[in-house]
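Enquirer: I'd like to go over a predicted model; first the sequence, then the structure.
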Amino acid sequence: MTTLPILYTLYLMKRLGRISAGISNFPNKIILGVVRFIWPKDRRRRYRSGILAVFFVAFLAGNLDYPKYWNSFAEWANPKLDAIDMPESVRKLDRWYALKKADDILNIPKFFNLPFSLGLDLQGGLHLIYRADLSQVNPDNYREAMGGLKDVIERRVNLFGVREPQVLIQERGGDYRLVIELAGVRDFNKAIELIGETPYLEFKEEISKEESIGILRNVFSSKESVTDEQLAQACVNLNPELVVAVIQIKGEDPCFKSVVPSPLTGQYLEKASMQFDPNTNQPIVLLELNDEGAVIFQELTARNIQKRVAIYLDGIPINWPVVQQEIAGGSAQISGFNIEEAKILSRNLNAGALPVPISLVSQQSIGASLGEESLSKSLRAGIAGVIAIILFMVLVYRVSGVFGVLALIIYIVLLLAIFKIIPITLTLPGIAGLILSIGMAVDANILVFERLREEISRAKDGKVDFLLVLSHAYERAWTSIRDGNVSTLITCAILFWFSTSFIKGFALTLGIGVATSMFSAMIVTKYLMRLVGEGRLGKKLRLWVR
């Protein structure tokens, strides 16, 4: 009697163990099923799935490029779908009732109508002029400061080199100005925001008590009741509003002075980050200076031990800590903010602290220098070029050329969608380069087709497996395709890393075009040719090449 419960317990434990093992393996089974669906074991199904995915992505990209027809169809179809009124006899059927309730499924979605970003020559934009304040800069360093200012502004409005702004330096009688032209921007407030409220950061050291009294005495000379001790106390109990007011009246800071001979400004800033003080748990902004800035900061702290060093932001002192010891390594911190203010400050400083302060003096709209006529001519030239390439590929390479043309169309559609999503500014030279890249995009296919022609010509009596010949053609052409495109990509990376503005944009667009053309040639064309080549057409080798 006692053995039955024991045996039954052991049986239940065994069953529970199997159930728990099945539950634990359930996620693995799901993952394995997804992998098998995306990458099936059967090679033909794998190629078919890959081609269907490519055509689906190309369909989405095409409607992103030009969504007019699809969106017009959706506007026509959605009211008709919403007006469906099912009879009661049909409504009782769960299948139809579920479809009626699935309004989100029945309603055809529309595609985003994103505009192409055009350059100044095609659509115009805004013309802004900023005056640079070089009063705190050594005259010998004017050009260097303006060059740094130009680089910072370009980095702000042209991070990836695809907006193609015009940023120029002008000098008139010692007055330095920065001329900025932004394409496609009509809102002046948006343009100023795009350039950014980038703070002007500067470290200053304390001046002597006598100098402070002298500057303040000239301001408060009419007030005989103000003593020298009270004037000196004004800098001890620093009031930022008082400092700004005195600077506006006298043009001199009554409490602090710039570092001599080279002011320690934001141009030496390498990185800013928001952190929390471990002692007070208050947000702080940690600054890291580059090597040159670290040397200047170390010298500054070394000669100001037990004195204050003020941190100015946009000409206003925001922090004036007492230096306890010489600080090496180029690290400093700013406190006195809430979390949101610290985040904004660190973000703006990382975007590029201006080496000199600037002020907007002029703003105006500018029209397109070339206009719609040049754009339409370029588009007509592009269409004519694509038609010529299609005819060449089909006439010279026959069936292989047809698949090369399909891959080329997918390449164009995907490339235009990428240009819209980033977005990349298209100028007239850029459009010419795009048209040229379309012609260059078929070079990988041509290499493969020529290899395929050589392999087929070696066939004896045409009794050669087409798939085997095609595989050999791709293997032998791949090294040339790989070396040519990789060398181009390396060149693009070097240009993008070491250049600025227009060259950086050209490098990025060229790199995107090369990568997309490799995908279209080595994936799309190959998969299409393998799928069709497994049928009857694969036995007629002479139809594939000339």
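Expert: The structure has been received and is ready for your questions.
Enquirer: Any chance you could list what contacts stretch 56-68?
Expert: 70, 110-114, 409-410, 413-414, 416-417, 420-421 (CB atoms under 8 Å, 6 or more residues apart in numbering). Heads up, the C-betas are built off the backbone N, CA and C, glycines and all.
Enquirer: and which of these is nearest to Pro321?
Expert: Ile421 (46.1 Å; CB to CB).
Enquirer: rewinding a little: now, of the contacts of stretch 56-68, which are buried?
Expert: By neighbour count, with 16 or more other CB atoms under 10 Å, the contacts of stretch 56-68 hold 70, 111, 409-410, 413-414, 416-417, 420 as buried.
Enquirer: Going along the chain, name the helices of the stretch 1-150 of the chain.
Expert: 3-24, 26-38, 43-65, 68-82, 88-91, 94-101, 103-106, 120-123, 142-157 (DSSP state H, counting those that start in this stretch).
Enquirer: quick one: low-confidence ranges for the stretch 201-350 of the chain?
Expert: 221-225, 347-350 (pLDDT under 70).
Enquirer: so Leu508 touches Trp497, yeah?
Expert: No. Shown here, Leu508 and Trp497 do not form a contact pair, counting by CB atoms under 8 Å, at 11.0 Å.
Enquirer: Could you name the helices and strands sitting against the longest helix belonging to the chain?
Expert: If you go by DSSP state H, the chain has its longest helix at helix 372-421. Packing contacts for helix 372-421, counted by 3 or more CB pairs under 8 Å, 6 or more residues apart in numbering; DSSP states H and E, involve helix 43-65, helix 120-123, helix 428-440, helix 443-457, helix 501-519, helix 526-533.
Enquirer: Next secondary structure after the fourth one?
Expert: Under the assignment DSSP states H and E, the closest C-terminal helix or strand after helix 443-457 is helix 466-498.
Enquirer: just to revisit the earlier point, between Leu508 and Trp497, who's got more neighbours?
Expert: Taking other CB atoms under 10 Å, Leu508 and Trp497 do not tie; Leu508 has more neighbours (19 against 9).
Enquirer: nearest to Gln136, of the helices and strands packed on helix 372-421?
Expert: Nearest of the helices and strands packed on helix 372-421 (CB to CB): helix 501-519, 27.5 Å.
Enquirer: Tell me who's in contact with Lys250.
Expert: Taking CB under 8 Å, 6+ apart, one finds 215, 218-219 in contact with Lys250.
Enquirer: Which ones among the residues you listed lie within helices?
Expert: Per DSSP H, these map to helices at 215, 218-219.
Enquirer: between those residues, which is nearest Gln298?
Expert: Using CB to CB, the ones in helices among the contacts of Lys250 come closest to Gln298 at Ile215, 28.4 Å.
Enquirer: Quick check: nearest residue in space to the closest one, chain neighbours excluded?
Expert: Pro254 (4.3 Å; CB to CB, 6 or more residues apart in numbering).
Enquirer: can you list the residues that contact stretch 326-346?
Expert: Contacts of stretch 326-346 (CB under 8 Å, 6+ apart): 199, 203, 270, 272-274, 277, 282-291, 293-294, 297-298, 301-302, 305, 311, 313, 318-319.
Enquirer: Swap in 7 Å and give it another go.
Expert: 199, 272-274, 277, 282-290, 293-294, 297-298, 301-302, 305, 311, 318-319 (CB atoms under 7 Å, 6 or more residues apart in numbering).
Enquirer: now the residues you listed: which count as buried?
Expert: For the contacts of stretch 326-346, buried by 16+ other CB under 10 Å: 199, 272, 274, 283-289, 293-294, 297, 301, 311, 318-319.
Enquirer: Helices - which of the residues you listed land there?
Expert: Per DSSP H, the buried ones among the contacts of stretch 326-346 map to helices at 293-294, 297, 301.
Enquirer: returning to what we had before: what is the nearest of the ones in helices among the contacts of Lys250 to Val405?
Expert: Distances from Val405 to those, taken by CB to CB, are shortest for Ile215, at 77.6 Å.
Enquirer: Near the closest one, how many other residues are there?
Expert: 21.
Enquirer: need the contact list for it.
Expert: 246, 250, 252, 254.
Enquirer: The nearest residue to Gly330 once chain neighbours are set aside and Arg44, how far apart?
Expert: Leaving out its chain neighbours, the residue that sits closest to Gly330 by CB to CB, 6+ apart is Ala294, at 2.8 Å. Ala294 sits at a distance of 63 Å from Arg44 (criterion: CB to CB, to the nearest Å).
Enquirer: Could you do Leu489 as well?
Expert: 32 Å.
Enquirer: Among the two, which residue is more densely surrounded?
Expert: Leu489 (16 against 11).
Enquirer: Might one say that that one is in contact with Gly511?
Expert: Yes. At 5.8 Å, Leu489 and Gly511 qualify as touching, with contact defined as CB atoms under 7 Å.
Enquirer: Next, count neighbours for Gln170.
Expert: With other CB under 10 Å as criterion, Gln170 counts 13.
Enquirer: Same question for Gln267.
Expert: Gln267 has 24 nearby residues by other CB under 10 Å.
Enquirer: Repeat that for Pro115.
Expert: Around Pro115 there are 9 residues (other CB under 10 Å).
Enquirer: Now it, what are its backbone angles?
Expert: With angles defined as degrees, to the nearest 10, Pro115 sits at phi -80, psi 150.
Enquirer: who's in contact with the residue lying closest to it once chain neighbours are set aside?
Expert: Distances taken as CB to CB, 6+ apart place Lys420 nearest to Pro115, at 7.8 Å, with adjacent residues excluded. With contacts taken as CB under 7 Å, 6+ apart, Lys420 has the following neighbours: 64-65, 114, 116.
Enquirer: okay, who's weakest in those by pLDDT?
Expert: In terms of pLDDT, the weakest of the contacts of Lys420 is Leu114, which scores 76.
Enquirer: which residue sits closest to it, ignoring its sequence neighbours?
Expert: Lys420 (4.8 Å).
Enquirer: which strands and helices sit next to the strand or helix carrying Val167?
Expert: In the assignment (DSSP H and E), Val167 maps to strand 166-172. For strand 166-172, the packing partners by 3 or more CB pairs under 7 Å, 6 or more residues apart in numbering; DSSP states H and E come out as helix 142-157, strand 175-183.
Enquirer: Check which helices and strands the longest one sits against.
Expert: With contacts taken as 3+ CB pairs under 7 Å, 6+ apart, helix 142-157 sits against strand 166-172, strand 175-183, helix 188-195, helix 339-352.
Enquirer: hang on, the earlier thing: with distance to Ala521 added, can I get the ones in helices among the contacts of Lys250 in CSV?
Expert: Below are the ones in helices among the contacts of Lys250 laid out as CSV (distance: CB to CB, whole Å):
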residue, distance to Ala521
Ile215, 72
Asn218, 76
Val219, 74
